[in-house]
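Chemist: Sequence and predicted structure are below.
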Amino acid sequence: MPIAKCRLQGAGRDESARSFASAVKNCRRWILLAMLSVSMLTPGCAYRMGSTLDDRPPRTCEFSVVENQLFPPRPGLEYQLTRRLKEEMAGDLRLRLVASGGNVRMRVTLMQFEEPTIVKDLDTAASSEILLRASVVVEATGEVPGGKIRRRITTTDGWAPALGESRETAMERLWRDLSRQIIDAASDWAWEEE
């Protein structure tokens, strides 16, 4: 009899543990549903990149398309950089893209693009790792108290894709990093004081 008694007591504990686990699971579902409802009904904050440490208003920036002066010609790269640059500008609090009449008129020229192979697969002689490098010249003309000022900078960035990463992913990272450098140059208030 003591063995049967132990089994009954053990079964009771298992049953109560199962009912407790079921109650916790139902409670989690209700909490998740409540949190989801609250998040959908309340306005959220939009995450944006950029510095808001000063009280300056965003600069208006005129920009159309990146100019391609690559030799040998590599058509299409300028459109990829243009698309990414406009996406980054849309998310940056320091600049506001306008069609005309901006504080800054920006001209971006793609001057150099290299894709040297770093490692080759010795079995197939195919590239297994590449390094992407691009150089751009940014000319920004801005209205400042006392006249106009022009600034010309050259920026270069590179990206080596990680093992197993596609070329397209590496290109997106390269364009993102280059775009951020261009935006930093266009939104820098210090160059007006030069």
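Modeler: Cool, the structure landed. Numbers count the residues shown, from 1 in each chain.
Chemist: What's the local residue count around Cys27?
Modeler: Using other CB atoms under 10 Å, Cys27 is surrounded by 10 other residues. Placement of C-beta: from N, CA and C, glycine included.
Chemist: give me the element it is part of.
Modeler: Using DSSP states H and E, Cys27 maps to helix 2-41.
Chemist: ok, now Arg152?
Modeler: strand 147-159.
Chemist: which residues are contacting that strand?
Modeler: With CB atoms under 8 Å, 6 or more residues apart in numbering as the test, strand 147-159 has contacts from 111-112, 131-142, 170, 173-174, 177-178, 181-182, 185, 191-192, 194.
Chemist: one more time with 7 Å, if that's ok
Modeler: With contacts defined as CB atoms under 7 Å, 6 or more residues apart in numbering, strand 147-159 is touched by 131-142, 170, 173-174, 177-178, 181-182, 185, 191-192.
Chemist: Return the members of those classed as buried.
Modeler: Among these, those classed as buried by neighbour count (16 or more other CB atoms under 10 Å) are 131-138, 140-142, 170, 173-174, 177-178, 181-182, 185, 191.
Chemist: what residue ranges in this structure score low on pLDDT?
Modeler: Within the chain, the ranges that satisfy pLDDT under 70 run 1-17, 21, 24, 32-33, 35-54, 117-130, 143-147, 163, 189-194.
Chemist: before we move on, back to that, mark which of the contacts of strand 147-159 are part of helices, please.
Modeler: Judged by DSSP state H, the contacts of strand 147-159 include Ala170, Arg173, Leu174, Asp177, Leu178, Gln181, Ile182, Ala185 as members of helices.
Chemist: neighbours of Val66, just the number please.
Modeler: Count around Val66 with other CB under 10 Å applied: 27.
Chemist: so who does the residue nearest to Ile182 when sequence neighbours are not counted touch?
Modeler: Counting by CB to CB, 6 or more residues apart in numbering, Val138 is the residue found nearest to Ile182 once chain neighbours are left out, at 5.4 Å. Neighbouring residues of Val138 by CB under 7 Å, 6+ apart: Met106, Val108, Ile153, Thr155, Ile182, Ala185.
Chemist: For Val138, list each beta-bridge partner.
Modeler: Val108, Ile153 (DSSP bridges).
Chemist: Distance of it relative to Ala186?
Modeler: Distance, Val138 to Ala186, using CB to CB, to the nearest Å: 7 Å.
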